[in-house]
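Visitor: Build me a model from this:
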Amino acid sequence: MAGRFSTGYRAGGTAVAALALLLVPAAAPAADPVKKAPTPVSRPIYTTQAPIVMLKDMDSGAILFSRGADKRFAPASMAKVMTAYVVLDLIKSNQLSRDTVFTVDEATWKKWNGSSGGSTMFLRPREKVSVDELLKGLITVSGNDAAAVLAVGIDGSEELFVKRMNDVASRIGMASSRFGTPSGWPDGGVTKVSAADLITLADRLIRDHPAAYTRYFSVPRLQHGTSPDGKPIVQPNRNPILGRFAGADGLKTGHTAEAGYCFLGSAKRDGRRLIMVVAGMSSEKARRDEAERLMAWGFDAWEGREIVPAGARVGKLEVGQGTSPTLEAQAAIPVRMTVPRGYAGGYRATLRSRSPLPAPVARGTRVAELVVTPDGLPPQVTPLLAAHDVAAGGWTDRARTGFYRLTGL
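Guide: Numbers count the residues shown, from 1 in each chain. Here you go, the predicted structure:
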């Protein structure tokens, strides 16, 4: 299989920069002395009765299947993934600690206790509980009480925390979504999402917080609280395919009368990670069976071929008004091209970025996209990160950058 590379550039807005290296498959076959046209491979077929379905290969950005992906619906407890993302962002930026302890106030407990507030981790009034434990309760057992205590503890009220949720959702590109509660509890139709936005959220959470994803999203059971007879309360993880489907490790279920039984899920096998949404299922069993069947099809009918290894420097990008005129874009995870099994075609790859990037730029910031287009398939987009910091520069740096632009030295 041969790769084809573009080297074009368009000034202003979006730039398409030259690919620097490494865009040749590691296991490319030896050249055949007799040139033969590649045997065409049909796109795998998937059939489903689910009205809303989406499956994405995270490493390549390829959408393997999509139906009703832009339809807005009430996500129910899948909204808690947004709450978790907001909390994890605060922890990452050192604005919050996992060890921070919040107290369950009486008003929050009365609103969300187990007799009236749906799913719960059985928090008690005036109980002191860490952010770490609340995150486990939020994800593992879908605790509405955990969501409320986190919201009130961080921002003083659920309403203010919801504003933060919507600000973050907008920042990460969830253009069709709006949140009205941190728990997803029915709110008169305010909270609405799309499958495409949920896929975006899961992708960002796993990429931006990989250690936290491992820590919180595949806990098999939670022990917290005691029953009236003094026995520990142990609840299993609500994820319907965790422990049933090899590689499954997240994320959240949801159920509303409007959307039916829903699931935002992810699994990883042989280095490939898939993210899926199913919504509108008629029962818990139908949701679980559809999720397993969709995931199995994604892994069995498609394959990922690595074209850029993790950590590779892919190309240089121009930086404006910085201490350096350029920075290198880096692949944080292996970049794979997702193709039907047996695919024998080629591909084209381009590096896409704004030009110039405004300084300062912090290491790990998303600065570019690698767009890979296999023959006969839609483009597949993988984000690239800044390999190093570039601080804002002074007038001498700007003069040096101008000289670089003119001479390339």
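Visitor: My read is that residue 309 contacts residue 332, right?
Guide: No - Residue 309 is not in contact with residue 332 according to CB atoms under 8 Å; the separation is 11.1 Å. Yep, even glycine has a C-beta here, placed from its N, CA and C like the rest.
Visitor: do you know how far residue 261 is from residue 280?
Guide: With distances taken as CB to CB, to the nearest Å, residue 261 is found 8 Å from residue 280.
Visitor: Name the residue in residue 309 and residue 332 with the higher neighbour count.
Guide: Neighbour totals were compared for residue 309 and residue 332, and residue 332 leads with 17 against 12 (other CB atoms under 10 Å).
Visitor: That one in helix, strand or coil?
Guide: coil (DSSP: H, G, I helix; E, B strand; the rest coil).
Visitor: Apart from its chain neighbours, what residue comes closest to it?
Guide: Leaving out its chain neighbours, the residue that sits closest to residue 332 by CB to CB, 6 or more residues apart in numbering is residue 385, at 5.1 Å.
Visitor: Compare residue 261 and residue 280 and say which is more crowded by neighbours.
Guide: residue 261 (24 against 21).
Visitor: What residues does that one make contact with?
Guide: Shown in contact with residue 261 (CB atoms under 8 Å, 6 or more residues apart in numbering): 253-255, 280-284, 286-287.
Visitor: follow-up on the earlier one: just checking: what are the partner strands of the helix or strand harbouring the residue nearest to residue 332?
Guide: In this structure, residue 385 sits in strand 380-386 according to DSSP states H and E. If you go by DSSP bridges, strand 380-386 pairs up with strand 326-330 (antiparallel), strand 366-374 (antiparallel).
Visitor: buried residues in the shortest one?
Guide: Read it as strand 326-330. Across strand 326-330, burial judged by 16 or more other CB atoms under 10 Å covers 327-330.
Visitor: any idea which of the residues you listed is closest to residue 215?
Guide: Taking CB to CB as the measure, residue 215 lies nearest residue 330 of these, at 24.8 Å.
Visitor: residues in contact with that closest one?
Guide: Contacts of residue 330 were listed using CB under 8 Å, 6+ apart, and they are 311-314, 384-387.
Visitor: I'd like to know which of these are buried.
Guide: 312-314, 384-387.
Visitor: Which two among these are spaced furthest apart?
Guide: Across these, the longest distance by CB to CB is 13.9 Å; it joins 312 and 386.
Visitor: Quick one: residues in contact with the longest helix that the chain contains.
Guide: Secondary structure of the chain per DSSP state H: the longest helix is helix 284-301. With contact meaning CB under 8 Å, 6+ apart, helix 284-301 is reached by 44, 46, 48, 50, 53, 55, 57, 64-65, 240-241, 244-245, 247-248, 253, 260-263, 265, 267, 269, 272, 274, 276, 278, 281, 340-341.
Visitor: Quick check: ChimeraX command selecting the buried ones in the residues you listed.
Guide: Of the contacts of helix 284-301, the buried ones go into a single ChimeraX selection, burial set by 16+ other CB under 10 Å:
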select :50,53,55,57,64,65,240,241,245,248,253,260,261,262,263,265,267,269,272,274,276,278,281,340
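Visitor: Among the contacts of helix 284-301, name the ones in strands.
Guide: Among these, DSSP state E puts 53, 55, 57, 64-65, 248, 253, 260-263, 265, 267, 269, 272, 274, 276, 278, 281, 340 in strands.
Visitor: Tell me which stretches of this structure form helices.
Guide: Along the chain, the segments classed as helices by DSSP H run 79-92, 106-112, 131-140, 144-155, 158-171, 195-208, 210-216, 284-301, 395-407.
Visitor: ok, residues contacting the third one?
Guide: By CB under 8 Å, 6+ apart, the surrounding residues in contact with helix 131-140 are 80, 83-84, 87-88, 91, 96-102, 121, 123, 143, 145-147, 149-150, 153, 212, 216-217, 219, 221-222, 224, 235, 237-238, 251-252.
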